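1. return a 3D structure for these sequence lines:
(chains A, B, C and D)
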Protein chains: 2
Amino acid sequence: MSNSSPTGNGFVILRAWCVKEEMSRKGADFALLLLASFRRLADAATAELARRGYPDFRPVHDFALRAIADGAVNATELGYRTGVSKQAAAKTITALEQQGYVNRTDDTDDARRKFLSVTARGQEVMQTGEAIFENLHREMEAAIGHDALADMERHLTRLAGKDACSPWIGRNVGGD
Amino acid sequence: MSNSSPTGNGFVILRAWCVKEEMSRKGADFALLLLASFRRLADAATAELARRGYPDFRPVHDFALRAIADGAVNATELGYRTGVSKQAAAKTITALEQQGYVNRTDDTDDARRKFLSVTARGQEVMQTGEAIFENLHREMEAAIGHDALADMERHLTRLAGKDACSPWIGRNVGGD
DNA sequence: TTCCTTTTGACAACTAGGTTGTCTATCTAG
DNA sequence: CTAGATAGACAACCTAGTTGTCAAAAGGAA
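-> The predicted structure follows:
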């Protein structure tokens, strides 16, 4: 079968919904609708990115890269900004470094630190990603209309709840 | 930090969006909005389910259980209906069996098969889950209005695209 | 300066939920 | 009877996380 969705695992649930449509569970169906829509977008973007010369570049890499470009200059800070443990952030950095999207140099001020910077290729992939998402946004507008999309964004913002995303749960994670 | 979201991994991306709000990437933001909203619902439902006496019951278990109740009487069929390999389905079945939600008995007609059935506790957890999702649906209606929610469901159905969910990719998976 | 505490990043081991590949037992069609 | 398909089990692996532990470096106080 090869799941092979670049969105990764954990999104397979929605297929159950597709196969069996007469489920009659309004709340759950709505949740699955949200998931399916997200997956649709993320997969489309990742596939397009792969076609344009950036294979193996996942959504999670995009957000990490953006956080680095935005001032997350070391692993701990990246973990904090992306809401994961510094260990998980370090793994992402390793992947990004191996693919040539970031550089990791010694920090002259603090010998413990490794200074992160985005390479030219990293800048490229971010620009391309933005362009792709803009296209997708336009496609959605074409499909359901500008106003409907704007309404949805407004309502989803309420449902998602900014308060659920406060500066998060803690900085010192992973037993340290 | 303990991510500890019952929704599981792969959904952490959205935190990046929360921390940095002035990102100005409309398409990507919309995708994250969808993800955040889904996660909100799924986490709320799973947490509530845990509080009502069904800990460690994840969304993925709910859908598997529902598929079994709905006629997926063996691992291969469950895999097909939920869109995963039969091996993955078997793992889920094992978990559900250990938690007492399904029974696995020998099939009298076909000695290769194990016959799956939902236990009384399995029936209970499904009913409770339905009630919880209905509550969440009502809360959403209260938050953004009945019509707005109905509109969103309609539009999301278009965006998600039923065609992306055709009877799936193949039945014989995993090298067999 | 020495001592204590904090921070940084690394390493190992683990989890969840998937994936392939291989294998045996069993069923079924010719 | 035999050949091929099917069911499920087992092992190894993947991804993207998690804890726990650790050494090296930094920083503050006596």
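
2. quick check: buried residues in stretch A:96-116?
-> A:96, A:99, A:101-102, A:104, A:113-114, A:116 (16 or more other C-beta atoms under 10 Å in any protein chain shown). Backbone N, C-alpha and C define where each C-beta goes, glycine included.

3. from these, which land in helices?
-> Those of the buried residues of stretch A:96-116 mapping onto helices are residue A:96, per DSSP state H.

4. farthest pair in the buried residues of stretch A:96-116?
-> A:99 and A:113 (22.0 Å; C-beta to C-beta).

5. wait, does stretch A:112-131 contact DNA strand D?
-> Yes: applying C-beta under 7 Å from any atom of the strand, one finds stretch A:112-131 touching DNA strand D at residue A:112.

6. so how far is that stretch off the chain centroid?
-> 14 Å (C-alpha atoms, centre = their mean, to the nearest Å).

7. put the alpha carbons of it into PDB.
-> What follows is stretch A:112-131, C-alpha atoms only, in PDB (Å, rounded to 0.1, in the frame of the first residue of the first chain):
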ATOM      1  CA  ARG A 112      28.300  24.800  25.000                       C
ATOM      2  CA  ARG A 113      26.200  26.300  22.200                       C
ATOM      3  CA  LYS A 114      26.000  25.500  18.500                       C
ATOM      4  CA  PHE A 115      25.000  28.500  16.500                       C
ATOM      5  CA  LEU A 116      22.300  27.800  13.900                       C
ATOM      6  CA  SER A 117      21.900  29.600  10.600                       C
ATOM      7  CA  VAL A 118      19.800  29.000   7.500                       C
ATOM      8  CA  THR A 119      21.700  28.300   4.300                       C
ATOM      9  CA  ALA A 120      20.900  29.700   0.900                       C
ATOM     10  CA  ARG A 121      19.200  26.500   0.100                       C
ATOM     11  CA  GLY A 122      17.200  26.900   3.300                       C
ATOM     12  CA  GLN A 123      16.100  30.300   2.200                       C
ATOM     13  CA  GLU A 124      15.100  29.000  -1.200                       C
ATOM     14  CA  VAL A 125      12.900  26.200   0.200                       C
ATOM     15  CA  MET A 126      11.100  28.600   2.500                       C
ATOM     16  CA  GLN A 127      10.400  30.900  -0.400                       C
ATOM     17  CA  THR A 128       9.200  28.100  -2.500                       C
ATOM     18  CA  GLY A 129       7.000  26.800   0.300                       C
ATOM     19  CA  GLU A 130       5.400  30.200   0.700                       C
ATOM     20  CA  ALA A 131       4.600  30.400  -3.000                       C
END
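
8. ok, and what's touching that stretch?
-> Identification of contacts with stretch A:112-131 by C-beta atoms under 8 Å, 6 or more residues apart in numbering or on different chains yields A:45, A:49, A:52, A:54, A:57, A:62, A:65-66, A:68-69, A:72-75, A:78, A:93, A:96, A:100-107, B:25, B:28.
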